[in-house]
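A.B. asks: Sequence plus the predicted model coming up.
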Amino acid sequence: MNNAAQSPVDPTPTNWQGEAMQKRIKKRYASERRFKAIGLCAIVLSASFLAFLLIVMVGNGFKGFTQTELPLEVDFPALTGSAKASQYEGANAEANINSLGMQNIIGAAIDIEYGNDGSRLFSAGAWQIAKAAVLENPKLVEQKTILYLPVESEIDVAYKGDGSDGAEKIITQFGNKLSTGFNWNFLGNSDATDPMQVGIWGALKGSLITMFITLLLAFPVGVLAALYLEEYAPKNRYTDLIEVSINNLAAVPSIIFGLLGLAVFLNVFGLPRSAALVGGLTLALMTMPVIVISGRNAIKAVPPSIREAALGIGASPMQVVFHHVLPLALPGILTGTIIGMARALGETAPLLMIGMRAFIATPPNGVTDPATVLPVQIFLWSDEVNRGFVEKTSAAIIVLLLFLLTMNAVAIYLRNRFETRW
Amino acid sequence: ACQDQASGGQGGTRSEIRIVGSSTVFPFAKAVAEQFAGSGNTSPILESTGTGGGMKLFCAGVGADTPDIANASRRMKASEFEDCKKNGVTDIVEIQIGIDGIAIAQANDGIKFALTPKQVYEAIAEKPYGKKNETKKWSDVDSSLPDIAISVYGPPSTSGTRDALTELIMEVGCKTDAATKALKDSNEDEYKAICHDVRADGAYIDAGENDNLIVQKLKANPNSVGIFGYSFLEENTDSVRGIAVSGVEPTYDAIASGSYPGARPLYIYMKKQHVGVIPGLANYVTEFVNAGGKDGYLVKAGLIASPDDMRAKMTEAAKSQPTLTGSELK
Amino acid sequence: MTDVEHSKISAGEGSPKMTTRNVDVFYGDKQAIKDVSIDVNMENVTAFIGPSGCGKSTFLRCLNRMNDTIPIARVTGEITLDGNDIYAANMDVVQLRARVGMVFQKPNPFPKSIYDNIAYGPRIHGLATGKEELDEIVENSLQRAGLWGEVKDRLLDSGTALSGGQQQRLCIARAIAVDPEVILMDEPCSALDPIATAKIEELIHEIRGKYAIVIVTHNMQQAARVSQRTAFFHLGELIEYGVTSDIFTNPRQEKTRDYITGRYG
Amino acid sequence: MTDVEHSKISAGEGSPKMTTRNVDVFYGDKQAIKDVSIDVNMENVTAFIGPSGCGKSTFLRCLNRMNDTIPIARVTGEITLDGNDIYAANMDVVQLRARVGMVFQKPNPFPKSIYDNIAYGPRIHGLATGKEELDEIVENSLQRAGLWGEVKDRLLDSGTALSGGQQQRLCIARAIAVDPEVILMDEPCSALDPIATAKIEELIHEIRGKYAIVIVTHNMQQAARVSQRTAFFHLGELIEYGVTSDIFTNPRQEKTRDYITGRYG
Amino acid sequence: MTGSALFFLIIGLGGIAWIFGRAKARRFAVVKSDRSAIHSRPNYHGWYVALWAIAPALVFLTVWNFTSPSLITDAALSSPAAEQLPKDSFARGSILAEARAIANGNQVKAFNPLSQSMVEPYRAATSYYRTIGGIAAALLVFAFGVFAWLRVKPEMRARTKVERVTMMVLLFASLIAIVTTVGIFLSLIFESARFFSMVSPIEFLFGTEWNPKAVAGPRGQSGFGAIPLFWGTVFIGAIIAMIVAIPLGLMSAIYLTQYAHSSFRAWMKPILEVLAGVPTVVYGYFAALTVAPALRDFAVSIGISSASSESALAAGVVMGIMIIPFVSSMADDSIAAVPSAMRDGSLAMGATKSETIKKVLIPAALPGVVGGVLLAVSRAIGETMIVVMAAGLAANMTANPFQSVTTVTTQIVQLLTGDQEFDSPKTLAAFALGLVLFIVTLLLNLIALRVVKKYREAYE
Ligand SMILES: Nc1ncnc2c1ncn2[C@@H]1O[C@H](COP(=O)(O)OP(=O)(O)OP(=O)(O)O)[C@@H](O)[C@H]1O
Ligand SMILES: Nc1ncnc2c1ncn2[C@@H]1O[C@H](COP(=O)(O)OP(=O)(O)OP(=O)(O)O)[C@@H](O)[C@H]1O
Ligand SMILES: [Mg+2]
Ligand SMILES: [Mg+2]
Ligand SMILES: O=P([O-])([O-])[O-]
């Protein structure tokens, strides 16, 4: 077999310096560089998608935190027939103010200063600002004051640089009087028809209540189930079934959980529609498998030698778990929980199924109150035609992303801080 | 005592008004609700479910877990009234809050054209005059129409706007064919199938109970046509414009005067049995009626005020709360 | 039982603290220990030697039922502690393990402070009624384990921050702290350097008066140095058990001789 | 350089194919190879022996720059192939590795067919101009690796389906297929049974005429059997390098003697 | 005593029981220093007594919470004030509820004047029954507590018993997963069965016309052919999204694991992960607001006049972006699982890095990558918000990515928001679609997990 005649390789040792070979190698290196560049491009492209998305959202949304205002001189004594400040203090302040007819007062003040057409300039809910101002400082009703009230949405949009012709005209007319102020309404109000009046507080509160319920249910159940499966479960058909169920639940599309919530919580149990309670329950079912899986991984990462050590000095299996395994696995469990909660916080589809998309103008005060949540609010606003909603939607997205990124950052921090390798 | 347990002795009451129903009335109801909440009342809970869906919920019974008010973009049907009665909802107050027209609209930057009920019918019916609908482009319907694909975003079958569309436009178009018209007496089912059924091959797109969505889709697809309540047209004149039907543009005056073919009244239905139980229910209805006046804020939002005599009647009705007998419905 | 076999069971005098009779251990279908009978005496160090995989660890873990933690492991035969069958239904495993302490091959301190490492056992068993008493137990155990001097100023440092040899002594101190009667050690020095090993051997030497100690080792020199009795295992069987000096100088079985002289293993 | 040291570099006659001078290798701050200078000759088998962790593999991997794949590894000193510095900037690593082939401790055939395993190298280097030529190279390499007879009917089976010894021979055939000048083998038999080992040794014996072969081994008998020259490493240093028979019968250094006689390691 | 007060009372009494149990155990613990004589630590005896004391009382509390309100209402109704109540049940119920709220201090002012008159009877009845409830609960706690306390003996295996209870709690927690799965399955099956009693499954699964109608009219049910939906789902989720996600995800993973400097990797990996953390509603908004119009303008400018703003492409591309980190982390894992010996073997042959990756690593990691892609597909087809906001509603069967298609999830949302009549096939169709989606994603997952597991085992 060492017969040279039959081997083409033997007689002529490879000429590595030959021209053909050198060319070939050049080509191979070129392809190497190309491949590497493609890889880099893929990453840069993926990252720039993210950057682009964030820039678009922040670019649009940042305007949502400001509003355009016009000054309005209100001569309260004249318009109210000299109301007394003392009426608007204390327990009955709210009721008394309502009876004052603030809407008419402001309407009249607008007519005086800006003519009969003036009310077109102001946001329909502008008078509520005045009401709030008086509630805060009842002395106002005894004097002449200048209030800065939000303008009508079209004008607001136009003043921020993207308006229709009609609105532009008004802007040139009142340009010197218009000013920009921080939109406190946006942080304090709930849903509304007028984009100048909308706020995220209602949705945010709904989100917080929903998340609270989710956490309350999913965390203990998830952790206990993880403990059972990892530490105690005998290996048999039933525990396999549990295991398969959990793995599959983690992969079930979220909308299916919405169908479950609708069919079971609403139709069978008759829980109230649109309530944070049902939302929390539904999301808890969705989050629990995530917590179980991450919990099991964290528990698995606790070295068996620790368990042996504890068992070896006479700790009972329960003591081993609660004294050693659980504390050591806790950072990992918490990381998984935060990630699961972040997912739940951003979830929309299942909540649509259980009616958390109603128009709700006041923040919820309890778990059974009708509520909506941030992502659903974003979804609802995104459907609005009024251009004023574009910036509000993006602004709400910024708030949501801030929450989510904070949660993720905490999770990453926890993971790095407590990442112990034994 | 048992009865008290069963019927809400424990279920109890609620402090906020619950409203369901028409997506056409929804924005008006929203505005009224906001106003209502702003003057010191608990904010009502509103859900836009479409007229038919709203009626279902409304008629499900009396009690805290059923809505107090159903908005409707058409009158309650006798069958729905029966359904209500069956479930114990016997005292229903009907209030006409104003008028709306179903607007056929397109984006401002689309190719401008006008339509007749006949053309609309032939373009979107499942079986125009009994034959399968083969049209793909508007020009297939009528050569005078532009050469663009038929793509109509419209309301779903549960919606009042859809009922208005079939009754006020499609049926009118359908009846232009004598043979089909004759069918009405001989074979009502067949007649309904021919005149009311909307095509399902993608040319007519059921956009759900969300008229805003249709406006958005029109903005994005200038070659599409949308069908929705006039108020949405009025609110979005910077992006969409109405298509003249039979030569009449959908304008306030045309609809108010009845010269526009697609005009129809809007209603709200209130459970009288809930008055005095749900705080503020009657006040809300009064507010609604007042807001629908010629200079009320609903008109600014695109509602067309009812004629004065009807308004007077409704102001009275909000006060005295007469209940429906069922005989006035069909 | 033949004569030869019988002679294996009890090596030398002294009261048997633990006895085992005809112990078989199975992992699933595989038999890891075959019919082993041995007595372990107080105030003695018993060494288990034998080639890798012969079942030394398996047998050792029978003595405090640590095998219970392996689902597929099954133990038959009789094992007694002070005459009570430790596999009897009414035997409480937790208590058994407190009485029969264990030290593992790889030092495994808890990731807690040195103090808490030692105090853990006394705490769960309620051996101390107050802080002072606990302090005393901790100091005592550390002293006996020869670690007190090295750690007395850093009792609140983590146990895992110690060196390997210190960690192993910490583990021994931890075992001592619950005041066991028997201490099982599974190759306690195999992860340690020679100096640390010497310290541990010295420690075993010092504490053996109070406990029955059983030690598994690969290192025959170590067995010869620390133990009074030696058992030689081979393929799950107990080949020979006797006084250490006899085993090393004058083994009765050929296999033992072969192993000791390095013929195989 | 002292005399003794110099004598270490080149063991015996023959033209040096590769030379190394004062090679140091660092992993991060840790020095794994200290000032090693060695010549490797054609048509010779050079064996590297030494206790575990002494740096044999590290040094071997310097010879075809496989250390480049470890980010923290840093090599200084001079290593030449046919007189060209292989760490020079203009040295092409891809070519170098084709010329200096390597066989690893654990057989690592690609999860491809036997044919594709062998053809892999010739394909990427463009050594065959057509299908027939490639077939020929494959057959040739397998024949030289003594595997042809066993696999000629199943060339399309996966390489991972072979037995361990066959896999290792496949890896050798794969290395041969690119027609290298030097073949490095890092404990090629340590994962194999004695029969497979014998086959590999026989194979080395057969092919050594064409290549310079360097083999790392733990097994001193193997070094004695297959190599003509042996280098003994200890703690990263080259203790002794010379003709194999001299090293084994008459080592100059005490450490070498101790190692060879099994005093430690 | 209100329910929550009663709850805290019971817990408080349980605490006392704990102390007593523990104290008793301590006494003999001190006396008998012989360890083998006392089985469990005093703490466990405490827990034993406390559990006995609390558990039956809590069961009682649960039952009482359901029964006592009706007892109270009955009592209140038997008072003379109740005679003025209207007969109408809702008004009546509402007045009672209000009276109850005022009596309980949850409400200050009566909206209905009649309520005020009922407050006093309510208050009386409430305090009467609360007293009864409180006493009963306390008695229960006491009785069972004493029973358990008497059983505290040195040899009593309190620890074992307490641990058994704990174990049952753990087992119960893990059963919830099964209950949920069964719940999902049953609710889908149940509603789907109703649907299929109205619409033939054959028509549903193989029909090509999707135009669901609400009323089951005499004209029969047509318009429930879901093939266009399935096609749209596959087109967007499994084709377009994957065309975006697979190359980008795979190449990102390759670059990060094989080429990138470790510090670059440390930064880039979390950044890519953020892509996965952005809520889907945000992607949907981004797709609808930015991507879709841009793609439409582009399509029109190259002469595709039929381009729709809710194109399959817009939804698919954005979904693909969302999936990138998913694919890349799966690919990352699979490549990392290839033994480095493989890589070394190839490099030692003189292969360049890219040749090694393309010819050795990727083929070796292929099963893992494929499994990962299957998981990604299952995620993509179950994704809802992006398609709801950016994909169309028109059930087209087109392969033109610039036209609009609709998906299963879009239609589920469409069918179930707004009006819901659970006797109409239109509403129930959503559940049938959900069932299909559930089964398909389940199968995909099972297959993918199996593939990945097999692959992992191959290299272990
Ligand atoms: N958990 C287990 N499951 C199955 N078989 C096991 C298990 N533990 C040990 N074995 C088997 O039982 C036999 C005895 O193992 P054991 O660990 O007792 O040996 P050993 O003498 O301690 O060895 P070493 O000196 O290596 O520690 C071996 O064949 C081993 O493979
Ligand atoms: N990738 C690496 N990173 C850091 N240190 C390493 C690395 N590889 C080897 N070392 C260290 O370098 C020294 C030499 O290792 P090397 O693998 O070369 O020894 P060896 O003689 O081949 O040992 P063996 O006979 O066990 O293969 C050892 O101390 C080892 O711990
Ligand atoms: Mg062992
Ligand atoms: Mg989603
Ligand atoms: O929502 P509708 O008004 O069309 O019923």
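C.D. replies: Thanks, I have it. Ligands and ions are numbered 1, 2, ... in the order given.
A.B. asks: residues making contact with the helix or strand containing B:R311?
C.D. replies: Using DSSP states H and E, B:R311 sits within helix B:308-320. Applying Cβ atoms under 8 Å, 6 or more residues apart in numbering or on different chains, the external contacts of helix B:308-320 come out as B:93-97, B:282, B:285-286, B:288-290, B:292-293, B:305-306. No exception for glycine: its C-beta is placed from N, CA and C like everyone else's.
A.B. asks: next one: stretch A:260-279
C.D. replies: For stretch A:260-279, using Cβ under 8 Å, 6+ apart, the contacting residues are A:206, A:209-210, A:213, A:281-282, A:285, A:350-351, A:353-358, A:360, A:364, A:367-373, B:45, B:47, B:65, E:180, E:183-184, E:187-188, E:190-191, E:416, E:422, E:431.
A.B. asks: Which of the helices or strands spans E:R164?
C.D. replies: Short version, using DSSP H and E: E:R164 is in helix E:158-198.
A.B. asks: so what does that helix touch, helix or strand wise?
C.D. replies: helix A:201-227, helix A:237-251, helix A:254-260, helix A:276-301, helix A:317-319, helix E:42-77, helix E:425-458 (3 or more Cβ pairs under 8 Å, 6 or more residues apart in numbering or on different chains; DSSP states H and E).
A.B. asks: Which one, of those, ends up nearest to E:T290?
C.D. replies: The closest of the helices and strands packed on helix E:158-198 to E:T290 is helix A:201-227. By Cβ to Cβ, the value is 22.7 Å.
A.B. asks: hmm, that closest one touching chain E?
C.D. replies: Yes: under the criterion of Cβ under 8 Å from any Cβ of the partner chain, chain E is reached by helix A:201-227 at A:220-222, A:224-225, A:227.
A.B. asks: Buried only: go through the residues you listed for me.
C.D. replies: For these, a neighbour count by 16 or more other Cβ atoms under 10 Å in any protein chain shown gives the buried set as A:221-222, A:224-225, A:227.
A.B. asks: Around ligand 4, which positions in the stretch 151-300 of chain B sit nearby?
C.D. replies: Nowhere does the stretch 151-300 of chain B come near ligand 4, counting by Cβ under 5 Å from the ion.
A.B. asks: any idea how chain A splits into domains?
C.D. replies: A:68-181, A:201-418 (automatic domain parsing).
A.B. asks: buried residues in the helix holding B:R311?
C.D. replies: Here helix B:308-320 shows B:311, B:314-315, B:317-318 as buried, counting by 16+ other Cβ under 10 Å.
A.B. asks: okay, the angle between the helix holding E:R164 and helix E:425-458?
C.D. replies: 130 degrees (axes from the mean of the first three to the mean of the last three Cα atoms, to 10 degrees).
A.B. asks: got the angle for helix E:158-198 vs helix A:276-301?
C.D. replies: 130 degrees.
A.B. asks: chain center to helix E:158-198, what's the gap?
C.D. replies: 13 Å (Cα atoms, centre = their mean, to the nearest Å).
A.B. asks: Please list the residues of chain A that sit near ligand 4.
C.D. replies: A:254, A:349.
A.B. asks: 6 Å - rerun?
C.D. replies: With Cβ under 6 Å from the ion as the criterion, chain A meets ligand 4 at residues A:254, A:347, A:349.
A.B. asks: right, and the first one touches E:T384 too?
C.D. replies: Yes: distance between A:S254 and E:T384: 6.8 Å, which falls inside the contact criterion (Cβ atoms under 8 Å).
A.B. asks: does chain B sit close to the helix ranked longest in chain A?
C.D. replies: When chain A is parsed with DSSP state H, its longest helix is helix A:19-61. No: under the criterion of Cβ under 8 Å from any Cβ, chain B is not reached by helix A:19-61; the shortest gap measures 15.9 Å.
A.B. asks: Could I get the contacting residues of the residue most central in space within chain C?
C.D. replies: The centroid of chain C falls nearest to C:L184 when counting by Cα atoms, centre = their mean (1.5 Å). Applying Cβ under 8 Å, 6+ apart to C:L184 gives the contacts C:60-61, C:63-64, C:100-103, C:213-215.
A.B. asks: Of the buried ones among the residues of helix A:201-227 next to chain E, which pair is most distant in space?
C.D. replies: A:V221 and A:L227 (10.9 Å).
A.B. asks: so what pLDDT did residue 151 get?
C.D. replies: Using chain A here. With respect to pLDDT, A:V151 scores 86.
A.B. asks: try chain B instead
C.D. replies: 87.
A.B. asks: Could you double-check that it sits in contact with B:A220?
C.D. replies: No: taking Cβ under 8 Å as the definition, B:S151 is not a contact partner of B:A220, at 11.5 Å.
A.B. asks: Among those two, which residue is more densely surrounded?
C.D. replies: Just comparing B:S151 and B:A220: by other Cβ atoms under 10 Å in any protein chain shown the higher neighbour count belongs to B:S151, 22 against 18.
A.B. asks: Quick check: the nearest residue to that one once chain neighbours are set aside vs chain D, distance?
C.D. replies: Distances taken as Cβ to Cβ, 6 or more residues apart in numbering or on different chains place B:S224 nearest to B:S151, at 4.3 Å, with adjacent residues excluded. Per Cβ to the nearest Cβ, to the nearest Å, B:S224 is found 54 Å from chain D.
A.B. asks: again, but for B:S159
C.D. replies: On the measure of Cβ to the nearest Cβ, B:S159 and chain D end up 60 Å apart.
A.B. asks: How many neighbouring residues does that residue have?
C.D. replies: 33.
A.B. asks: low-confidence ranges in the stretch 1-150 of chain C?
C.D. replies: Residues of the stretch 1-150 of chain C meeting the criterion pLDDT under 70: C:1-14.
A.B. asks: Spell out which parts of it neighbour chain E.
C.D. replies: Residues of the stretch 1-150 of chain C lying near chain E (Cβ under 8 Å from any Cβ): C:92, C:94-95, C:98-99, C:124-126, C:129.
A.B. asks: Go back to the residues you listed and keep what's next to ligand 5.
C.D. replies: Residues of those in contact with ligand 5 (Cβ under 6 Å from any ligand atom): none.
A.B. asks: Mind giving me the PyMOL select for the residues you listed, buried ones only?
C.D. replies: The buried subset of these, as determined by 16+ other Cβ under 10 Å, is captured in PyMOL by this line:
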select buried, chain C and resi 92+94+95+98+99+124+125+126
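A.B. asks: got the residues of the stretch 1-150 of chain C next to chain E as CSV, with secondary structure and distance to chain A columns?
C.D. replies: What follows is these, written out as CSV (DSSP: H, G, I helix; E, B strand; the rest coil; distance: Cβ to the nearest Cβ, whole Å):
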residue, secondary structure, distance to chain A
C:D92, coil, 9
C:V94, helix, 5
C:Q95, helix, 7
C:A98, helix, 3
C:R99, helix, 8
C:I124, helix, 6
C:H125, helix, 6
C:G126, coil, 11
C:T129, coil, 18
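A.B. asks: so which of the residues of the stretch 1-150 of chain C next to chain E comes closest to D:Q221?
C.D. replies: Nearest member of the residues of the stretch 1-150 of chain C next to chain E to D:Q221, counting by Cβ to Cβ, is C:R99, at 51.2 Å.
A.B. asks: and the nearest residue to that closest one once chain neighbours are set aside, how many neighbours does it have?
C.D. replies: Distances taken as Cβ to Cβ, 6+ apart put C:E181 closest to C:R99, at 5.1 Å, once the chain neighbours are dropped. When neighbours are defined as other Cβ under 10 Å, C:E181 has 16 of them.
A.B. asks: surely C:E181 meets C:A98?
C.D. replies: No: using Cβ under 8 Å, C:E181 is not in contact with C:A98; the gap is 9.4 Å.
A.B. asks: Mind listing what's buried along the helix or strand where E:V377 lies?
C.D. replies: Element membership for E:V377 (DSSP H and E) is helix E:362-382. Residues of helix E:362-382 classed as buried by neighbour count (16+ other Cβ under 10 Å): E:362-365, E:367-382.
A.B. asks: what do you get for stretch B:163-174?
C.D. replies: Neighbour counts using 16+ other Cβ under 10 Å place B:163-174 of stretch B:163-174 among the buried residues.
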